[in-house]
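Student: model the following, please.
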Amino acid sequence: MNGTRPGELDLPAAQTKIMEIWKRVLDVPDGMEEATFFDLEGESISAVRIVSRIEEEIGVSLDVGDIFEKDPNPEALVRMVAAKAAVSPGTGT
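Tutor: Reported below is the predicted structural model:
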């Protein structure tokens, strides 16, 4: 999945990976898997870790600021990654 090009995101695999990253980085307690970033008391270092692990493990780059602006839960984070993967490199669209 690393080095994802537009249109090549394996969405089911990305969803699984993102949930693993989410749980690991935010130390998510049972029953809180769908809580938002701030509900889980996420902070800047957590946002940086999530973004860097998504880039390393899925190959899609997100902006740390997106985590703070959108306060995503895992489902919203998957949508962010899918949208970013659909964007052609260098075009900004």
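Student: quick check: V51 touching D63?
Tutor: Yes. Taking C-beta atoms under 8 Å as the definition, V51 is a contact partner of D63 at 7.3 Å. Every residue, glycine included, has its C-beta placed from N, CA and C.
Student: just the buried residues of the host helix or strand of A83, please?
Tutor: Assigning secondary structure by DSSP states H and E places A83 in helix 74-85. Residues of helix 74-85 classed as buried under the neighbour-count rule (16 or more other C-beta atoms under 10 Å) are 74, 77-78, 80-81, 84-85.
Student: shared neighbours, V51 and D63?
Tutor: Here V51 and D63 share no contacting residue, scored by C-beta atoms under 8 Å, 6 or more residues apart in numbering.
Student: those two - which one has more neighbours?
Tutor: The residue with more neighbours, out of V51 and D63, is V51; 21 against 12, by other C-beta atoms under 10 Å.
Student: quick one: what helix or strand has the more buried one in it?
Tutor: helix 44-58.
Student: residues of that helix that come out buried?
Tutor: 46-47, 49-51, 53-54, 57-58.
Student: what does stretch 10-17 give?
Tutor: 14-15, 17.
Student: now distance to V28 and pLDDT too, for the buried residues of helix 74-85, in TSV please.
Tutor: Below are the buried residues of helix 74-85 laid out as TSV (distance: C-beta to C-beta, whole Å; pLDDT from 0 to 100):
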residue	distance to V28	pLDDT
P74	9	94
L77	13	96
V78	15	95
M80	18	94
V81	18	94
K84	23	91
A85	24	88
